[in-house]
Structure formats: C-alpha cells, structure tokens
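K.L.:
I'd like to go over a predicted model; first the sequence, then the structure.
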Amino acid sequence: MKRFLSMILLLALFIVGCAPASSTPVSRTLTVFAAASLTDAFTEIGANFDAAHPDVTTTFNFAGSQALRTQIEEGAPADVFASASGKEMETLITNSFVAESASQFFLSNKLIVILPADNPAGIDSLEDLANSGIKIVLAAEEVPVGNYARQSLDLMDTSFGTDFKDKVLANVVSNEDNVKQVVAKIQLGEADAGIVYTSDAVAAPDLKTIEIPTELNIIAKYPIAPLTESANADLAEAFIAYVLSADGQAILQKWGFAPAQ
C-alpha cells in the first residue's frame, strides 16, 4: 500500500510540474518623462499604446524639459525622455543617462502669441507687445519655450527697433516653470499676452492668437530617447516606435506639431 501511495504522489507531482504556466500576463508600467507642451498629444498616444498592449500602463511626468532633466539626473526612474530642447537631451547624453545613438528628433514646433478671448489690452500686432502698461507672461529663460521666446524677441529687434525686446521684457509680470502655466495665466486673465508653442494654442482654442512670421520665429526641435537605466527597455523602444509611426505622427500633427526638421 505504501508503495502504491508513493507512486500516486510521484505521479501527482509529475502532473503538476508539467502543467502549463498561467497565461495571465504580468502587468508592467512604462514611465515617460515628457515636455509639458506634449501633454495633450502624448496623453492620447499613451492611451492608444496601452490599448495595443493590455498588460502595460503608461504613466507620464509632464513638466519643463529642464526640470525633467534635473529629476533624471537626481535618480528619478524613467524609461523614456521626450524633450522640447536638444540641449537637455545632450546634457543627459554627456552624463551617460542616454546613449548618443539612441536620441532622435521626432517633431518640430514654433512660437505663437496668445491673448485672452476678450483681449482687454487691445493687442492687434506684435508691435503692441512693447506698449507701456501691457502685462506679458513668459516661461522662464531656462525653460526651452522661454529661451526660444527671447531668441524670437532678438529677431524682432531688427524689424521693430533695437529697444523693442527691452520694452517687451519690461512688460513681463511673470516667468513660469513650463509652457502650460503660461497658457493658464492667459486663460485666467492674469496677463494680456504670452508666447507659447503653436501646439499649445491648438490645445486652448478659447484664446486669441497672433502669428509670428517665419523670419521672426524660432523652430523648436524635439528629441526622444530611452533611458540607459530603463527597467523596461523593450517597452521604451516600442513606445518610441509608435510615436514615430504614421499613427503617432498623425496624432502629433492633429495637436499642432509639425514633422521633424
């Protein structure tokens, strides 16, 4: 009897050992650090990516590119970095957080002036930004869009007078940490004008805009790359591939971005 029971036990263990593993996929989280201007487009892209990968949840950290770069340098875990500035990406490459061969430009953007819907200051042209008493909000100079805005003002000096930039900057009442905060200030009526990306104006159709001519504008080129210490290297590559795909690029263009230049 004991021999018989032992045989039964061995057979049961053999059957359990040969049973197929559970087919339930292991849930994984992909963490993407992305420039604040990408909020609307990447939120849609992330939803589509997750729908195609049921075992994946994509989480985003949206902020100024300079703030995201600092967080990565201080050890914040991330799988993908999408920056509004090549400068921030180059810094991470120099410090070995990103492999040089992994970074690539995936879109471009340009600047536009936004105004409150009721335009209380009666701003009708770029020249009006220098009018005394106008309240202007910009992103801080270390924020990519804030730096681009000041470069654009340098170009405007050539057309509107060498003191134009100084007059505009004298009207600045706030320097924000990212472009979405500039948009929010204008929507709340806390300033008369701001300089943001075209994509931000698309995402805020309630605001009025003034175009900045090509010769006075600055083209922002956005790089994207996986982090070298990513815990989900395969997912990071898959996400970037989707961003670069026809479907991903169509979403970006819907939100006002232009193809990489």
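P.N.:
Noted; the coordinates are in hand.

K.L.:
pretty sure Leu227 is touching Asn95, no?
P.N.:
No. Counting by CB atoms under 8 Å, Leu227 does not reach Asn95; the two are 11.4 Å apart. C-betas here are computed from N, CA, C, even on glycine.

K.L.:
and the helix or strand encompassing Ile240, what does it pack onto?
P.N.:
Using DSSP states H and E, Ile240 maps to helix 233-244. On a contact count with 3 or more CB pairs under 8 Å, 6 or more residues apart in numbering; DSSP states H and E, helix 233-244 meets strand 28-35, helix 39-52, strand 80-82, strand 104-109, strand 220-226, helix 246-254.

K.L.:
Mind listing residues that contact the next helix or strand after the third one?
P.N.:
To tie it back to what came earlier, the one meant is strand 80-82. The helix or strand immediately downstream of strand 80-82 is helix 86-94, counting by DSSP H and E. Helix 86-94 is touched from outside by 65-66, 68-69, 72-73, 81, 83, 98-100, 103, 105, 144, 221, 223, 225, 227, with contacts defined as CB atoms under 8 Å, 6 or more residues apart in numbering.

K.L.:
Please export the C-alpha coordinates of helix 86-94 as CSV.
P.N.:
C-alpha atoms of helix 86-94 as CSV (Å, rounded to 0.1, in the frame of the first residue of the first chain):
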residue,chain,number,x,y,z
GLY,A,86,18.1,69.3,-27.8
LYS,A,87,20.2,71.0,-25.0
GLU,A,88,18.6,69.0,-22.3
MET,A,89,19.0,65.7,-24.2
GLU,A,90,22.6,66.5,-24.9
THR,A,91,23.3,67.0,-21.2
LEU,A,92,21.8,63.6,-20.4
ILE,A,93,23.9,62.0,-23.2
THR,A,94,27.1,63.7,-21.8
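
K.L.:
got the angle for it vs strand 220-226?
P.N.:
Note on geometry: by axes from the mean of the first three to the mean of the last three CA atoms, to 10 degrees, helix 86-94 and strand 220-226 are set 30 degrees apart in direction.

K.L.:
Just the buried residues from the contacts of helix 86-94, in PyMOL please.
P.N.:
To isolate the buried ones among these in PyMOL, judged by 16 or more other CB atoms under 10 Å, type:
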select buried, resi 65+66+68+69+72+81+83+98+103+144+223+225+227
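
K.L.:
Where do the strands of the stretch 151-261 of the chain begin and end?
P.N.:
172-176, 193-197, 208-211, 220-226 (DSSP state E, counting those that start in this stretch).

K.L.:
for the shortest one, packing partners?
P.N.:
Of the remaining helices and strands, those touching strand 208-211 by 3+ CB pairs under 8 Å, 6+ apart are strand 111-115.

K.L.:
Look up how far Leu129 lies from the residue lying closest to Pro116 once chain neighbours are set aside.
P.N.:
Leaving aside its chain neighbours, Pro116 sits nearest to Gly189 (5.3 Å; criterion: CB to CB, 6 or more residues apart in numbering). According to CB to CB, to the nearest Å, Gly189 stands 17 Å off from Leu129.

K.L.:
which one of the two has more residues nearby?
P.N.:
In terms of neighbours (other CB atoms under 10 Å), Leu129 is the more surrounded of Gly189 and Leu129; the figures are 25 against 12.

K.L.:
so how far is Tyr222 from the closest residue to the more buried one other than its chain neighbours?
P.N.:
Leaving aside its sequence neighbours, Leu129 sits nearest to Val168 (CB to CB, 6+ apart; 4.9 Å). Here the distance between Val168 and Tyr222 works out to 26 Å (CB to CB).

K.L.:
And for stretch 159-173, what's in contact with it?
P.N.:
126-127, 129-138, 150, 153-154, 156-157, 191, 216.

K.L.:
let's go with 7 Å and repeat that
P.N.:
By CB atoms under 7 Å, 6 or more residues apart in numbering, the list of residues contacting stretch 159-173 from outside reads 127, 129-130, 134-138, 153-154, 156-157, 191, 216.

K.L.:
One more: stretch 252-261?
P.N.:
40-41, 105-109, 198-199, 201-203, 219, 221, 249.
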